[in-house]
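Colleague: What follows is a predicted protein model with its sequence.
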Amino acid sequence: MISGITVKNRSVREPVMRWVFTVSALTAVLAVGLICVFLFAGGFPAIGKIGVLKFLTGTVWKPTYDDFGILPMIVGSLYVTAGAILLGVPVGIFAAVFMAKVCPKPLYGFMKPALDLLAGIPSVVYGFFGIVVLVPFVRNTFGGDGSSMVTASLLLGIMILPTVIGITESALRAVPDELYEGAVALGASHERAVFGVVLPAAKSGVMAAVVLGVGRAIGETMAVKMVAGNQTVLRAPDEFLKGVRTLTANVVLEMGYAEGLHREALIATGVVLFVFILLINLLFSALKKERTE
Amino acid sequence: MGKFTLCDVELWYNDFKALKNVTMDIGANEITAFIGPSGCGKSTLLKSLNRMNDLVEGCKITGKLLLDGEDIYGGIDVNLLRKRVGMVFQKPNPFPMSVYDNIAFGPRTHGVKSRYRLDEIVEKSLRDAAIWDECNGRLKKSALSLSGGQQQRLCIARALSVEPDVLLMDEPTSALDPISTSKIEDLLAELKKRYTVVIVTHNMQQATRISDRTAFFLLGEMVEYGDTEQIFSLPRDKRTEDYITGRFG
């Protein structure tokens, strides 16, 4: 009997369910908290032992001689990320403009799922694509051995495309049609109206897309490791055909066999990476706030 | 001959016939008002005059629409048409950029590059739209920081910046307070000396106050068109009379 669910029964069930929801929500927050605690607890002692300055600005990474300078990796991460942004952002923005303002509907129905698929491809598959296609391409076109800063940038540039396109596209769609019409009514062509008015109006959304793209690029590990060469040498920007090692690659390459201070230094590398991600997230939420105001 | 000559204009949105057999002349340097209840086709007709209806999917138009004797829907360059026939919208739609850049957008679009010339155009346009005194000194400020009435006059200035012959206005004061409205009405009286103005309005007092000629629309049909005074004092058609005396709409 349906009426068998009595009032008494319900009065027990509701608080219980509320607890279930609350605990589920807290699990996620708890995970973040635990990661923070573990990371900082594991990394700070090493930074203390090595010395903050020596750790962050040291240019030599030779664990066997207790040399733990991660500047080459910090710089490597920055180079590779900057390269990815340089290549991926313009393409991404133009692609988003195409998707939102030019693309005929039938083509859109094909492109949108294709982009979603691009976002869902595992990074090791990207890495494989990098090894098989991009490394020989760079080797044959620019010289060097192919595993390099520029190869990693190229690959990351492709990997951040779905992020950049998705966010920029929704920012473009959020711009009121009245602005576009206002521009067209002045005699502006479609392109002029889109690039002169609609895109600038979506500026903060585009910035958010770039910031999230940076976050994705700097945190990427497997694909980068497979094509970047991974030398722990401090590179100058014009050595873009030589190999670099990123912070992420440093951890994943050596964690398997590291012990003692070496192991702690790798965790500390993770701390540095985490701080980068934290800054990027802060920047993103600041931009989001500006956008909603 | 009028500025615009319309002959048997019919317009469909897909299967819906929004305009039926509109034939009229719109005089130069006059203010022509389109009145009628919502959905009567007056805004649709207005948007046909600068082909903003091209943006609406499924919109089809037949008949002749001539501007200075030239077929608007013939081989004309649409962008140049819209430069000649400016438009002010119902809701103020300043671009989210500085006051200066709002006005300079149009001239820049049409190839004006010299800083000096742009400064000149910006000042002249703002003066002509009677908003220079309020904007001078804050040209670099965001246009969104202006009040609603100021934004609408900014949009008028923006429309004037490309030196059009005609100004189309789609209920330009319906989103504004009475003081801003009267400022814009005063401005229109000034503007008609140099421009042909076509205005869509819901407000019949406004039509009597500012327009020289009035056209009354109902269900896509132009019921009556004549001197504003005649339309409002001695309407020939019963339906016009019913509308202006407030029996419907």
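Modeller: Great, that's in hand.
Colleague: quick one: pLDDT of the one residue in chain B that gets nearest to chain A?
Modeller: Chain B approaches chain A most closely through B:K83 (3.4 Å), counting by CB to the nearest CB. Backbone N, C-alpha and C define where each C-beta goes, glycine included. B:K83 carries a pLDDT value of 95.
Colleague: Which helix or strand contains it?
Modeller: Take DSSP states H and E as the rule and B:K83 turns out to sit in helix B:78-84.
Colleague: who in chain B is up against chain A?
Modeller: Proximity of chain B to chain A (CB under 8 Å from any CB of the partner chain) is limited to residues B:50, B:52, B:55, B:79-83, B:86-87, B:89, B:91, B:93-97, B:105-106, B:108-110, B:155, B:158-159, B:161-162.
Colleague: Just the buried subset of these, please.
Modeller: Buried members of the residues of chain B next to chain A, counted by 16 or more other CB atoms under 10 Å in any protein chain shown: B:50, B:52, B:79, B:81-83, B:86-87, B:89, B:91, B:93-97, B:105-106, B:108-110, B:155, B:158-159, B:161-162.
Colleague: In terms of secondary structure, what does the helix or strand just after the helix holding B:K83 contact?
Modeller: Next helix or strand after helix B:78-84 toward the C-terminus (DSSP H and E): strand B:85-88. For strand B:85-88, the packing partners by 3 or more CB pairs under 8 Å, 6 or more residues apart in numbering or on different chains; DSSP states H and E come out as helix B:148-160, strand B:166-170.
Colleague: Now tabulate the ones you listed in a markdown table and tack on mean pLDDT and distance to A:G270.
Modeller: Formatted as a markdown table, those follow (pLDDT from 0 to 100; distance: least, CB to CB, whole Å):
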| stretch | mean pLDDT | distance to A:G270 |
| --- | --- | --- |
| helix B:148-160 | 94 | 51 |
| strand B:166-170 | 95 | 59 |
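Colleague: and B:S125, how far is that from A:L186?
Modeller: 12 Å (CB to CB, to the nearest Å).
Colleague: next one: B:I72
Modeller: Between B:I72 and A:L186 the computed distance is 17 Å (CB to CB).
Colleague: Of the two, which one has the most company?
Modeller: A side-by-side neighbour count of B:I72 and A:L186, using other CB atoms under 10 Å in any protein chain shown, places A:L186 first with 27 against 20.
Colleague: Identify the residue spatially nearest to that one, adjacent ones excluded.
Modeller: B:G106 (4.2 Å; CB to CB, 6 or more residues apart in numbering or on different chains).
Colleague: Enumerate every residue touching that neighbour.
Modeller: Applying CB atoms under 8 Å, 6 or more residues apart in numbering or on different chains to B:G106 gives the contacts A:L186, A:G187, A:A188, B:K83, B:R158, B:A159, B:S161, B:V162.
Colleague: Now do the contacts for the fourth one.
Modeller: Meaning B:K83. Counted by CB under 8 Å, 6+ apart, B:K83 has contacts A:L186, A:G187, B:G106, B:H110, B:V162, B:E163, B:P164.
Colleague: Surely the fifth one is in contact with B:P107?
Modeller: Yes. When contacts are counted by CB atoms under 8 Å, B:V162 is listed as touching B:P107 (6.4 Å).
Colleague: can you give me the strands in chain B?
Modeller: Counting by DSSP state E, chain B has these strands, from start to end: B:4-13, B:16-26, B:31-35, B:59-67, B:70-71, B:85-88, B:166-170, B:196-200, B:213-218, B:221-227.
Colleague: what's the burial count for the closest residue to B:D25 other than its chain neighbours?
Modeller: Distance criterion CB to CB, 6+ apart; nearest residue to B:D25, sequence neighbours excluded, is B:G2 at 3.3 Å. Counted with other CB under 10 Å, the neighbours of B:G2 add up to 17.
Colleague: Read off the pLDDT value for the closest residue to A:S148 other than its chain neighbours.
Modeller: Counting by CB to CB, 6+ apart, A:S148 lies nearest to A:L241, which is 5.0 Å off, once chain neighbours are set aside. Each residue has a pLDDT score; the one for A:L241 is 92.
Colleague: Run through the residues that contact A:L241.
Modeller: For A:L241, the contact set (CB under 8 Å, 6+ apart) comprises A:V138, A:F142, A:G143, A:G144, A:S148, A:M149, A:V150.
Colleague: Helix, strand or coil: sort out it for me.
Modeller: coil (DSSP: H, G, I helix; E, B strand; the rest coil).
Colleague: Low-confidence ranges, chain B, go.
Modeller: Counting by pLDDT under 70, chain B contains low-confidence ranges at B:1, B:249.
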